[in-house]
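Undergrad: Sequence first, then the predicted structure, then my questions.
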Amino acid sequence: MSVVSKSFNVYIVHALRVVVCPNMKICSQKLFVSVFLLGLIFCTRKGTQVLDMIDMYVGTMLLLFICCCEGFIFNFGLGWKRLTLALRAATIGNKGFPKGRSLFPNWLCRLDLHVTVPIGTGFLFIYQFVNLARNPYGGYPASTNGWGWALLIVGLAIAFSTIWKREESQLPPIEDDPRFQEVLNAEGIKGEGKNDETARDGKDNAEVGKDNAEDEFVDNEAGELDGSEKPIDVGGEAPVVEAVA
């Protein structure tokens, strides 16, 4: 089974789980039986033509659309910084990259991920869509091209049907993600999450308490030197008044 077929099956299974069948086992069984029955079509005389339609409309057109969507999801959902940190965290300690591997060349990778992938695949999808609408693919009759258009429409409908199921991102802030702490510490970057704010507040309170204790100690010493009475606070107990004769 090709990579395209595997990816297509994964998308179909995920869409069926979200929209139709939450049970993964039953959903997979129904999908495989359906794919087997559809595969019988390729045993007919027009099987080669149908396979050519699927390769064009699903293996090319739908794949271009999915890659375009994934490019925008990466840019607006994952982000470049999280990608670089994830790569370093996954490879840190390796023999060839003890400090983790980084993307190289940086500018070319950013150009591909920010521009080439989302915009290039989107442009190719629109171009091919318009071209197929004007010129039937391969010179095949409309009945044969209808197979390809039907599968493409089904794939696009499944992709768009999952939009209403979207939720807020479950990714934690980069500074609070435990998977990136080793990389951030190696770079000398400390997190700014809730735990760090609590630690900073505790440190500030400790410093204030220390300053107050030093002030009380100075006052007590001064009181003893000038012969005045000065209450001494002993661990929260009642103050004891001492007089200097």
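TA: On my side now, so go ahead.

Undergrad: and the host helix or strand of A90, what does it pack onto?
TA: Using DSSP states H and E, A90 falls within helix 80-91. On a contact count with 3 or more CB pairs under 8 Å, 6 or more residues apart in numbering; DSSP states H and E, helix 80-91 meets helix 181-186. Every residue, glycine included, has its C-beta placed from N, CA and C.

Undergrad: Now do the contacts for S34.
TA: Listed by CB atoms under 8 Å, 6 or more residues apart in numbering, the contact set of S34 is empty.

Undergrad: Report pLDDT for it.
TA: We have a pLDDT of 82 for S34.

Undergrad: in the one helix or strand it maps to, what's buried?
TA: Using DSSP H and E, S34 maps to helix 24-39. By neighbour count on 16 or more other CB atoms under 10 Å, the buried set for helix 24-39 is C27.

Undergrad: How about stretch 132-152?
TA: 132, 137, 140, 144-145, 147-149, 151-152.

Undergrad: and if you look at stretch 110-121?
TA: 113, 117-118, 121.

Undergrad: Closest one to W164 out of those residues, please.
TA: P118 (22.3 Å; CB to CB).

Undergrad: So that closest one, which state does it fall into?
TA: helix (DSSP: H, G, I helix; E, B strand; the rest coil).

Undergrad: hang on, isn't it packed against I66?
TA: No - look at P118 against I66 with CB atoms under 8 Å: they stay out of range, at 11.7 Å.

Undergrad: Dump the buried residues of stretch 110-121 to TSV, plus distance to I54 and pLDDT.
TA: TSV is the format used below for the buried residues of stretch 110-121 (distance: CB to CB, whole Å; pLDDT from 0 to 100):
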residue	distance to I54	pLDDT
L113	29	91
V117	24	93
P118	25	94
T121	19	95
